[in-house]
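Peer 1: Got a predicted structure plus its sequence, pasted below:
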Amino acid sequence: MAKIFQVTARAGMTRVVEPLAHRLLRAGVTPNAVTVTGTLGVLVGALGFGARGHLVAGALIVTVFALTDLLDGTMARMSGGSTRFGAFLDSSMDRVADSAVFGAVAYWLATQHQYSGVAAALLCLAAGGLVSYVKARAEGLGMTCNVGIAERTERLLIVGVGGLLTGLGVDPALEIALWLLAAVSIFTVGQRMAHVYRQARQVPTAPGGQG
C-alpha cells in the first residue's frame, strides 16, 4: 500500500514539477544547487522553527523544501541523468536533512519534558539511518534492496503530520507519530535485511568482508 501511495503521489507531482524543472535548467540552475538549497530550507524549517516550538510553520517549511528531492531528480533526468557525485550529494544531503528534523523534534520535546517522545525521536533517527544504510550497503555489494514500508517519503510524511497536528492543538499526535514511525522503520530494516539475505544465499562471496 505504501508503494502504491508513493508511486501515485509521485506521478501526480511530476506533472507539476517537470515544467518547473525545465525552467530552472534553462535558467542555468543545476540539480546539485537545488539539492543543497532544499537541504538548507529543511534546516531552516527544522532548526529555526520546529526546534523553537513553531511546529505548524516548521512542518510546512520542511514539507515544501523536502519536495526538492523530487525536483532535483527530475532535473537530473532531463539533463541526461544523474552524475555519480550528484547521486552521492543527494544521498548525503538527505541524511543531513533527516538528522536536522529528528534532532529538532527531540530538542523541542526535551524542552517540554516529554522524555518518552525524545526517546522515540532518537529511535526514529537511528532506525531511519539504518534503513538507508542497509539499502546503500546492499547496492554496494551488487544486490537490490527496493523493499520496505517506510522509505524516506513515508517517514517525513508521518512525522510532518504528527508535528502539524500537535501544533494545531492535538498534543499527543507528535509522540504517537514518532512511536509509529519508529515501529515501521524497524520493521523496514527487518524487511530489507531479509530481502538481502535471500539474495546473498545465492552469492558465494562478497567484496569487503565483514565489518
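Peer 2: It's in.

Peer 1: lowest confidence element among the helices and strands of this structure?
Peer 2: helix 2-26 (a mean of 69; mean pLDDT, DSSP states H and E).

Peer 1: helix, strand or coil for G80?
Peer 2: coil (DSSP: H, G, I helix; E, B strand; the rest coil).

Peer 1: Got the phi and psi for it?
Peer 2: Dihedral pair for G80: phi 110, psi 10, per degrees, to the nearest 10.

Peer 1: Surely S91 is in contact with G129?
Peer 2: No. With contacts counted by CB atoms under 8 Å, S91 stays clear of G129, the gap being 11.6 Å. From N, CA and C alone the C-beta is placed, and that goes for glycine too.

Peer 1: got any residues that touch both of those two?
Peer 2: Shared contacts of S91 and G129 (CB atoms under 8 Å, 6 or more residues apart in numbering): none.

Peer 1: Against which helices or strands is whatever helix or strand L180 lives in packed?
Peer 2: Using DSSP states H and E, L180 falls within helix 173-200. If you count contacts as 3 or more CB pairs under 8 Å, 6 or more residues apart in numbering; DSSP states H and E, helix 173-200 packs onto helix 84-111, helix 115-140, helix 152-167.

Peer 1: ok, and the closest non-adjacent residue to the most centrally placed residue in the chain?
Peer 2: In the chain, the centroid-proximal residue (CA atoms, centre = their mean) is R152; its distance is 3.2 Å. Once flanking residues are discounted, R152 sits nearest to D94: 6.3 Å by CB to CB, 6 or more residues apart in numbering.

Peer 1: What count of nearby residues applies to that neighbour?
Peer 2: The burial count assigned to D94 is 20, neighbours taken as other CB atoms under 10 Å.

Peer 1: residue contacts, it?
Peer 2: Contacts of D94 (CB under 8 Å, 6+ apart): 69, 132, 152.

Peer 1: residue ranges with poor pLDDT in the protein?
Peer 2: 1-14, 203-211 (pLDDT under 70).

Peer 1: what's the neighbour count on E18?
Peer 2: 15.

Peer 1: List the contacts of it.
Peer 2: Neighbours of E18 in contact, by CB under 8 Å, 6+ apart: 74, 78.

Peer 1: Quick check: T39 vs Q112, distance?
Peer 2: 27 Å (CB to CB, to the nearest Å).

Peer 1: Which one of the two is surrounded by more residues?
Peer 2: Higher neighbour count among T39 and Q112: T39, with 23 against 13, using other CB under 10 Å.

Peer 1: Isn't that one up against M93?
Peer 2: Yes. T39 is within contact range of M93, at 4.2 Å (criterion: CB under 8 Å).

Peer 1: re earlier: adding distance to L47, write the contacts of D94 out as a markdown table.
Peer 2: As requested, these are exported to a markdown table (distance: CB to CB, whole Å):
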| residue | distance to L47 |
| --- | --- |
| D69 | 19 |
| S132 | 21 |
| R152 | 19 |
